[in-house]
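Chemist: Sequence and predicted structure, then a few things I'm wondering about:
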Amino acid sequence: MSELLIREARPHEREAIRALTLAAYTEYAAHMPPPYWEAYCLNIVATLADVAPAAQLVAARGATLVGTVLLYPPHGFTAPQGGALLALPTPEVRLLAVAPAERGRGVGAALMAECVRRARGLGSPALSLHTTDMMQAAQRLYARMGFVRAPELDFQLMPDLTITGYRLGLSPAAADLPG
(Lines give C-alpha, C1' and ligand atoms only; values in the text may rest on other atoms or scores of the structure.)
Protein backbone atom coordinates (compact mmCIF):
# COMPACT_ATOMS: atom_id res chain seq x y z
CA MET A 1 0.00 0.00 0.00
CA SER A 2 1.45 3.38 -0.94
CA GLU A 3 2.04 6.17 1.56
CA LEU A 4 -0.81 8.51 2.42
CA LEU A 5 -0.30 12.09 1.22
CA ILE A 6 -2.44 15.01 2.44
CA ARG A 7 -2.48 17.95 0.04
CA GLU A 8 -4.60 20.68 -1.54
CA ALA A 9 -7.12 19.43 -4.08
CA ARG A 10 -6.38 20.10 -7.74
CA PRO A 11 -8.98 21.61 -10.10
CA HIS A 12 -9.17 18.50 -12.29
CA GLU A 13 -10.11 16.37 -9.22
CA ARG A 14 -13.51 18.00 -8.69
CA GLU A 15 -15.53 15.07 -10.08
CA ALA A 16 -13.50 12.46 -8.19
CA ILE A 17 -14.00 14.43 -4.95
CA ARG A 18 -17.74 14.64 -5.55
CA ALA A 19 -17.99 10.90 -6.24
CA LEU A 20 -15.84 10.01 -3.22
CA THR A 21 -17.86 12.27 -0.91
CA LEU A 22 -21.21 10.92 -2.07
CA ALA A 23 -19.94 7.33 -1.75
CA ALA A 24 -18.75 8.03 1.79
CA TYR A 25 -22.05 9.61 2.83
CA THR A 26 -24.31 7.00 1.18
CA GLU A 27 -24.36 4.93 4.37
CA TYR A 28 -26.53 7.65 5.95
CA ALA A 29 -29.30 7.28 3.36
CA ALA A 30 -30.88 4.49 5.41
CA HIS A 31 -31.21 6.87 8.38
CA MET A 32 -33.16 9.57 6.52
CA PRO A 33 -36.49 9.67 4.71
CA PRO A 34 -35.83 9.73 0.93
CA PRO A 35 -36.79 13.41 0.42
CA TYR A 36 -34.34 14.48 3.16
CA TRP A 37 -31.60 12.24 1.79
CA GLU A 38 -32.09 13.67 -1.69
CA ALA A 39 -31.93 17.22 -0.30
CA TYR A 40 -28.77 16.33 1.64
CA CYS A 41 -27.12 14.98 -1.51
CA LEU A 42 -28.05 18.14 -3.39
CA ASN A 43 -26.52 20.21 -0.59
CA ILE A 44 -23.30 18.17 -0.74
CA VAL A 45 -23.08 18.58 -4.52
CA ALA A 46 -23.80 22.32 -4.32
CA THR A 47 -21.20 22.80 -1.58
CA LEU A 48 -18.56 20.93 -3.58
CA ALA A 49 -19.38 22.85 -6.77
CA ASP A 50 -18.14 26.07 -5.15
CA VAL A 51 -15.98 25.47 -2.08
CA ALA A 52 -14.72 29.05 -1.75
CA PRO A 53 -13.55 30.30 0.68
CA ALA A 54 -12.68 26.86 2.06
CA ALA A 55 -9.42 25.00 1.60
CA GLN A 56 -10.25 21.68 -0.06
CA LEU A 57 -7.87 19.00 1.13
CA VAL A 58 -7.49 15.48 -0.16
CA ALA A 59 -5.81 12.33 1.03
CA ALA A 60 -4.17 10.35 -1.75
CA ARG A 61 -2.46 6.99 -2.02
CA GLY A 62 -0.46 7.32 -5.20
CA ALA A 63 -2.84 8.66 -7.84
CA THR A 64 -5.97 7.51 -5.99
CA LEU A 65 -7.98 9.89 -3.83
CA VAL A 66 -9.06 8.14 -0.64
CA GLY A 67 -10.39 11.03 1.43
CA THR A 68 -11.32 14.69 1.40
CA VAL A 69 -12.36 17.51 3.71
CA LEU A 70 -13.20 21.20 3.56
CA LEU A 71 -11.64 23.67 6.00
CA TYR A 72 -13.41 27.00 6.13
CA PRO A 73 -11.62 30.05 7.53
CA PRO A 74 -13.12 31.95 10.48
CA HIS A 75 -16.50 33.42 9.44
CA GLY A 76 -16.17 31.52 6.15
CA PHE A 77 -19.00 29.08 6.79
CA THR A 78 -22.46 30.04 7.94
CA ALA A 79 -24.78 27.34 9.19
CA PRO A 80 -28.58 27.68 9.17
CA GLN A 81 -30.09 27.94 12.62
CA GLY A 82 -33.85 28.15 12.82
CA GLY A 83 -34.06 30.38 9.79
CA ALA A 84 -31.26 32.62 11.11
CA LEU A 85 -27.59 32.27 10.31
CA LEU A 86 -24.88 31.11 12.69
CA ALA A 87 -21.58 32.77 11.74
CA LEU A 88 -18.67 30.81 13.15
CA PRO A 89 -15.75 32.84 14.53
CA THR A 90 -13.31 29.93 14.24
CA PRO A 91 -12.27 27.71 11.34
CA GLU A 92 -14.89 25.06 10.54
CA VAL A 93 -14.40 21.52 9.23
CA ARG A 94 -17.03 20.29 6.78
CA LEU A 95 -17.70 17.20 4.70
CA LEU A 96 -14.96 14.94 6.01
CA ALA A 97 -15.22 11.92 3.71
CA VAL A 98 -13.21 8.70 3.54
CA ALA A 99 -13.62 6.17 0.75
CA PRO A 100 -15.46 3.17 2.22
CA ALA A 101 -12.60 0.78 1.32
CA GLU A 102 -10.13 3.01 3.22
CA ARG A 103 -11.99 3.30 6.51
CA GLY A 104 -10.02 2.33 9.59
CA ARG A 105 -6.66 3.12 7.94
CA GLY A 106 -6.08 6.56 9.44
CA VAL A 107 -7.28 8.62 6.49
CA GLY A 108 -9.86 10.63 8.44
CA ALA A 109 -7.43 11.19 11.32
CA ALA A 110 -4.74 12.41 8.92
CA LEU A 111 -7.13 14.85 7.22
CA MET A 112 -8.35 16.14 10.58
CA ALA A 113 -4.79 16.50 11.90
CA GLU A 114 -4.00 18.69 8.88
CA CYS A 115 -7.08 20.82 9.61
CA VAL A 116 -5.88 21.24 13.20
CA ARG A 117 -2.38 22.15 12.01
CA ARG A 118 -3.75 24.77 9.61
CA ALA A 119 -6.14 26.24 12.20
CA ARG A 120 -3.25 26.55 14.65
CA GLY A 121 -1.20 28.18 11.90
CA LEU A 122 -3.91 30.83 11.61
CA GLY A 123 -3.58 31.50 15.33
CA SER A 124 -7.16 30.39 15.89
CA PRO A 125 -8.13 29.61 19.49
CA ALA A 126 -10.36 26.73 18.34
CA LEU A 127 -11.53 24.55 15.48
CA SER A 128 -15.23 23.71 15.15
CA LEU A 129 -17.35 21.21 13.27
CA HIS A 130 -20.87 19.88 13.04
CA THR A 131 -22.07 16.29 12.93
CA THR A 132 -25.14 14.19 13.72
CA ASP A 133 -25.86 11.20 15.92
CA MET A 134 -25.95 8.91 12.88
CA MET A 135 -22.24 9.64 12.23
CA GLN A 136 -20.92 7.45 15.04
CA ALA A 137 -17.49 6.64 13.54
CA ALA A 138 -16.82 10.33 12.95
CA GLN A 139 -17.89 11.18 16.48
CA ARG A 140 -15.45 8.59 17.87
CA LEU A 141 -12.63 10.12 15.81
CA TYR A 142 -13.49 13.63 17.01
CA ALA A 143 -13.59 12.47 20.65
CA ARG A 144 -10.16 10.78 20.31
CA MET A 145 -8.80 14.06 18.96
CA GLY A 146 -10.17 16.02 21.93
CA PHE A 147 -13.20 17.71 20.37
CA VAL A 148 -15.92 18.44 22.93
CA ARG A 149 -19.61 19.17 22.52
CA ALA A 150 -20.42 22.83 21.95
CA PRO A 151 -24.22 22.97 22.30
CA GLU A 152 -24.26 26.68 21.48
CA LEU A 153 -23.32 25.66 17.91
CA ASP A 154 -26.24 23.23 17.55
CA PHE A 155 -29.03 23.85 15.09
CA GLN A 156 -32.19 22.03 14.08
CA LEU A 157 -32.13 21.00 10.42
CA MET A 158 -35.39 19.03 10.51
CA PRO A 159 -37.92 18.47 13.28
CA ASP A 160 -36.16 15.24 14.28
CA LEU A 161 -32.58 16.04 13.24
CA THR A 162 -30.30 18.19 15.37
CA ILE A 163 -26.93 19.12 13.91
CA THR A 164 -24.56 19.05 16.85
CA GLY A 165 -21.60 21.36 17.26
CA TYR A 166 -18.15 20.36 18.49
CA ARG A 167 -15.08 22.41 19.26
CA LEU A 168 -11.40 21.68 19.80
CA GLY A 169 -9.40 24.21 21.82
CA LEU A 170 -6.11 25.05 20.10
CA SER A 171 -3.83 26.40 22.77
CA PRO A 172 -0.39 27.21 21.29
CA ALA A 173 1.27 24.93 23.85
CA ALA A 174 -0.91 21.93 23.01
CA ALA A 175 0.92 19.00 21.46
CA ASP A 176 0.14 18.09 17.87
CA LEU A 177 -2.51 15.49 17.47
CA PRO A 178 -1.54 12.06 16.23
CA GLY A 179 -2.19 11.64 12.53
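Modeler: Everything's here; your move.
Chemist: wait, isn't C41 in contact with L22?
Modeler: Yes - here C41 reaches L22: they are 6.5 Å apart, a contact under C-beta atoms under 8 Å. Glycine gets a C-beta too; all of them are placed from N, C-alpha and C.
Chemist: Of the two, give the one with the bigger neighbour count.
Modeler: C41 (17 against 14; other C-beta atoms under 10 Å).
Chemist: what sits against the more buried one?
Modeler: Listed by C-beta atoms under 8 Å, 6 or more residues apart in numbering, the contact partners of C41 are 22, 25.
Chemist: Tell me how far it lies from M32.
Modeler: When C-beta to C-beta, to the nearest Å is the yardstick, C41 and M32 sit 10 Å from each other.
Chemist: ranges for the helices of this structure?
Modeler: Per DSSP state H, the chain carries helices over the ranges 14-25, 34-49, 107-121, 136-145.
Chemist: And M145, how far from Q156?
Modeler: Distance from M145 to Q156, counting by C-beta to C-beta: 26 Å.
Chemist: Please identify which of these two sits among more neighbours.
Modeler: Neighbour count, other C-beta under 10 Å: between M145 and Q156, M145 has more, with 18 against 12.
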